[in-house]
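Novice: With the sequence up front, the predicted model follows.
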Amino acid sequence: MNIHFIAIGGAAMHNLALALQKKGYHVTGSDDEIFEPSRSRLQNAGLLPEAWGWFPEKITRETDAVILGMHAREDNPELLRAQELGVRIYSYPEYLYEQTRGKRRIVVGGSHGKTTTTSMIMHVLRSCGMAFDYMVGAQVAGFDTMVGLSEESRIAVFEGDEYLSSPIDRRPKFHHYHPDIAVLTGIAWDHVNVFPTFENYVEQFAGFVEGIEPGGTLIYYEGDEHVRAVATHAPEGVKRLPYGAFPHRTENGRTCLTLKGETPIRVFGQHNLQNISAAWLACREAGVSDEAFLQGIATYEGAAKRLQKMAEGDGTTVFLDFAHSPSKLRATLEAVREQYPKRKLVACMELHTFSSLNAAFLPQYAHTMEAADEAIVFFNPEVVRHKRLPEITEEDVRRGFADERLEVYTDNEQLRERLLKGDYRESVLLIMTSGNFSGIDIRQLAGQVAMNDE
């Protein structure tokens with residue numbers, strides 16, 4: 001098969017390209033810019049484009065399929081050439097579905113927790129020696145890529161994203177997957193540039209549930225009223241399994257699952273205990289015994305940037321988390337507060353996404369950082385302008401968070417100095433961002449903080 005990627009450098013796209021090459025396909029691609037780590041990974045595989053830009057001559061009648069990334073535009077020259085030649089054009093999720101037709105698909109959707117829950121399922125299935133295809137939105141220990149495809153597997157595990165599929169396919173990605181086992185973790189408004197009202201956003205999840213295969217299963221978090229309402233959209237004959245937090249006991253910063261004895265685990269927080277419940281039910285539906293699940297989940301250490309421990313000193317622990325939406329922010333802070341009730345909690349987050357930098361959306365963050373002893377927010381006004389959003393001020397952010405004690409920074413060097421000068425004796429520093437604070441080396445910063453805790 002000859003497969004060409006338009007915008008091959010994206011996080012999801014380059015992982016699919018690597019997976020198809022590993023499967024034996026002939027893969028080519030183009031992009032106008034590619035950043036690390038995509039660049040090095042493509043280069044090591046011999047897939048890095050020789051020059052930046054779009055080259056219609058790469059699309060020929062021998063091209064079996066084109067996979068179109070969100071980074072491309074509708075008037076992309078390579079896309080126009082593919083349309084002219086009648087080459088089959090897929091979005092990223094469409095092609096994943098094509099690759100897994102006939103397999104039993106487990107798809108995890110939700111505004112938060114989907115990456116972690118997906119990676120938990122993957123970790124347990126792998127510990128059981130089960131072969132499966134997968135796609136997950138973060139790097140997971142034990143897996144070389146974020147996408148894996150094979151001819152032998154009979155199961156596929158996908159993270160189901162509600163964002164748009166491609167520039168010419170405005171459907172949410174997870175509408176393409178038609179799961180046999182669907183998981184819905186929670187619904188909290190996000191992507192306001194695409195879904196301008198909360199009602200419109202919720203409709204996308206109803207569509208996901210309506211797409212469950214006949215005789216399938218819906219596993220849903222019963223503590224969310226919006227999820228409960230969406231669960232009623234499951235087609236007739238679909239089994240519905242509600243869940244809450246997994247039975248557990250937490251003492252002295254150590255959490256144990258309490259099903260069939262005590263099983264110590266390496267992650268913490270109510271949201272992770274809910275994610276474990278979802279993963280447990282999904283694995284059970286896939287044929288995994290409770291004993292095998294507990295044995296597997298005991299060694300799960302989390303996905304990259306999901307409460308990832310970056311550094312630790314005598315009295316300081318530094319975590320990095322992807323949390324940027326209001327629901328993720330609140331859940332992450334509460335998890336750390338529960339795990340370290342006697343430590344000072346310093347929380348620093350970056351407003352980086354389109355939604356978070358939208359002045360009309362800021363009130364969604366009200367009271368989300370109340371669990372922190374010191375709350376810090378950073379945003380870069382240049383990023384606001386680049387996204388063509390109305391200007392926001394530091395006071396706008398404080399009002400949005402409904403927190404007068406909030407420290408707001410717009411200069412990343414001033415932020416770095418503030419973090420390095422903090423008193424971290426018996427503290428946790430929680431860094432939350434989907435970016436990098438406009439160029440801060442977060443790993444280096446974490447190491448410096450941990451060394452200065454005396």
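Specialist: Noted; the coordinates are in hand.

Novice: Going by C-alpha atoms from here, please, whenever you check contacts or count neighbours.
Specialist: Fine.

Novice: Tell me how many other residues surround residue 139.
Specialist: Residue 139 is flanked by 17 other residues according to other CA atoms under 10 Å.

Novice: Which residue, neighbours along the chain excluded, lies closest to the residue of the chain most remote from its centre?
Specialist: Distance from the C-alpha centroid of the chain, by CA atoms, centre = their mean, peaks at residue 61 (36.4 Å). Closest residue to residue 61 apart from its sequence neighbours, by CA to CA, 6 or more residues apart in numbering: residue 85 at 6.8 Å.

Novice: Looks like the one you found contacts residue 63 (just checking).
Specialist: No. The pair residue 85 and residue 63 fails to qualify as a contact (CA atoms under 8 Å) at a distance of 9.6 Å.

Novice: who's more crowded, the two?
Specialist: Per other CA under 10 Å, whichever of residue 85 and residue 63 has more neighbours is residue 63, with 19 against 13.

Novice: pretty sure that one belongs to a helix, no?
Specialist: No. According to DSSP: H, G, I helix; E, B strand; the rest coil, residue 63 belongs to no helix; its state is coil.

Novice: who touches it in this structure?
Specialist: Listed by CA atoms under 8 Å, 6 or more residues apart in numbering, the contact set of residue 63 reads 1, 2, 3, 4, 87.

Novice: gap between it and residue 42?
Specialist: In this view, residue 63 and residue 42 are 20 Å apart by CA to CA, to the nearest Å.

Novice: now do residue 329
Specialist: Residue 329 is 33 Å from residue 42, where distance means CA to CA.

Novice: ok, now residue 74?
Specialist: Per CA to CA, residue 74 is found 25 Å from residue 42.

Novice: so residue 120 touches residue 299, yeah?
Specialist: No. Using CA under 8 Å, residue 120 makes no contact with residue 299, being 10.0 Å away.

Novice: can you count the residues close to residue 223?
Specialist: By the criterion of other CA under 10 Å, residue 223 has 15 neighbours.

Novice: Now do the SS call for it.
Specialist: Of the three states, residue 223 takes coil under three-state DSSP.

Novice: Ok, residue 90 next?
Specialist: Here residue 90 is strand, with the state taken from three-state DSSP.

Novice: Break this structure into its domains for me.
Specialist: Here the domain parsing of the chain from automatic domain parsing is 2-91, 100-297, 308-451.

Novice: Could I get the ones you listed in CSV, plus columns for mean pLDDT?
Specialist: Below are the domains of the chain laid out as CSV (pLDDT from 0 to 100):
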stretch, mean pLDDT
domain 2-91, 96
domain 100-297, 95
domain 308-451, 94
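
Novice: Which strand or helix spans residue 220?
Specialist: For residue 220, the host element (DSSP states H and E) is strand 217-221.

Novice: Flag every buried residue along whatever helix or strand comes next after that strand.
Specialist: Proceeding N to C from strand 217-221, the next assigned helix or strand is helix 225-231, under DSSP H and E. Neighbour counts over helix 225-231 (16 or more other CA atoms under 10 Å) mark 227, 228, 230, 231 as buried.

Novice: shouldn't the second one be in contact with residue 218?
Specialist: No. Distance between residue 228 and residue 218: 11.1 Å, which falls outside the contact criterion (CA under 8 Å).
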